[in-house]
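**Student:** Let me see the structure of the following:
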Amino acid sequence: MLAVLKSELQEKASSHKEVRTSYDIQARRTVLVVGGVDGVGPAICKKLADMGHFVAATYHNEEQARVWQDMMEQEGYLFFIYKYDAISSEESRSLVNDIIADLGPVQILINADINSANNVSDITQAAIEGMLATGFGRIVNISSVKEKNKGCGQISHQGIRKSVHGLTKALARKVASRGITVNTVSSGYVATDMIVSMPESECGNIEAQIPVGTGKPENVAHIVSFLVSEESGFITGANIAAGRGYLMK
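**Tutor:** From the prediction side, this is the model:
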């Protein structure tokens, strides 16, 4: 199955005007972006695909996901999408098993849709076995620099942020000698489709509080791409604040 999908990926990519083949095919890895269809997820998916990786993305709404997948294919990207609601460890295990069957072991995991520390733990435990077996792994948890601001699309409140980075540090220590890094990216206000569509009155004077202004999903994706690279194996257990200067206020 993996050989067939690799052939399909290269065939479909070559049919587009912009062909992404400047990478080292031997360095291609399987990526799982939890929440890859929403928020900062699409930008992360595209950035990691540009690095040459196979990218699996999860979704909640199948109709929305299929539309997004078709749009991405028109741009030259072939993403593999999977339904995932993060409701149990069994669902997490089933998801990872499906991806292994289709694309091989997950070696890069991006948790971009965090609703609780438990759902991060479940999917991470399911995916990390492939990393341990292959001796390479990159895990990045996308969190927030700020407590939840009602009505402005921020889902990571203070308790979740602390719990998630606590998991990041604990796991980073545990697997540090196994070729696996685990880091947190704490994002500030980012101009996702949801944020952009909200009335200015709902978000208040937030942008005025951010020295560099509201960020773009691509800003977060760039940091993620750095952390998952081969050359970033020396960074683990870190919490990188991508808040565009918010924490200086």
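**Student:** where do the helices sit along this structure?
**Tutor:** 2-14, 41-50, 62-74, 89-103, 117-134, 158-175, 193-197, 200-203, 217-227 (DSSP state H).
**Student:** Just name the most buried of those helices.
**Tutor:** Of all the helices of the chain, helix 41-50 carries the top mean neighbour count, a mean of 23, counting by mean count of other Cβ atoms under 10 Å. Where C-beta positions appear, they are placed from N, C-alpha and C, glycine not excepted.
**Student:** Now the helices of the chain in CSV, please, with extra columns for mean pLDDT and distance to V140.
**Tutor:** Shown next, in CSV, are those (pLDDT from 0 to 100; distance: least, Cβ to Cβ, whole Å):
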stretch, mean pLDDT, distance to V140
helix 2-14, 51, 23
helix 41-50, 96, 9
helix 62-74, 96, 21
helix 89-103, 97, 17
helix 117-134, 92, 11
helix 158-175, 84, 9
helix 193-197, 48, 21
helix 200-203, 54, 26
helix 217-227, 93, 5
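**Student:** Relative to R28, which of these is closest?
**Tutor:** Closest to R28 of the helices of the chain, according to Cβ to Cβ: helix 2-14, at 8.3 Å.
**Student:** just to revisit the earlier point, who wins for proximity to I142 among the helices of the chain?
**Tutor:** Here helix 217-227 is closest among the helices of the chain (Cβ to Cβ), at 6.9 Å.
**Student:** hang on, the earlier thing: Throw the helices of the chain into JSON lines and include distance to A241, thanks.
**Tutor:** Shown next, in JSON lines, are the helices of the chain (distance: least, Cβ to Cβ, whole Å):
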{"stretch": "helix 2-14", "distance to A241": "35"}
{"stretch": "helix 41-50", "distance to A241": "17"}
{"stretch": "helix 62-74", "distance to A241": "29"}
{"stretch": "helix 89-103", "distance to A241": "28"}
{"stretch": "helix 117-134", "distance to A241": "19"}
{"stretch": "helix 158-175", "distance to A241": "11"}
{"stretch": "helix 193-197", "distance to A241": "18"}
{"stretch": "helix 200-203", "distance to A241": "20"}
{"stretch": "helix 217-227", "distance to A241": "10"}
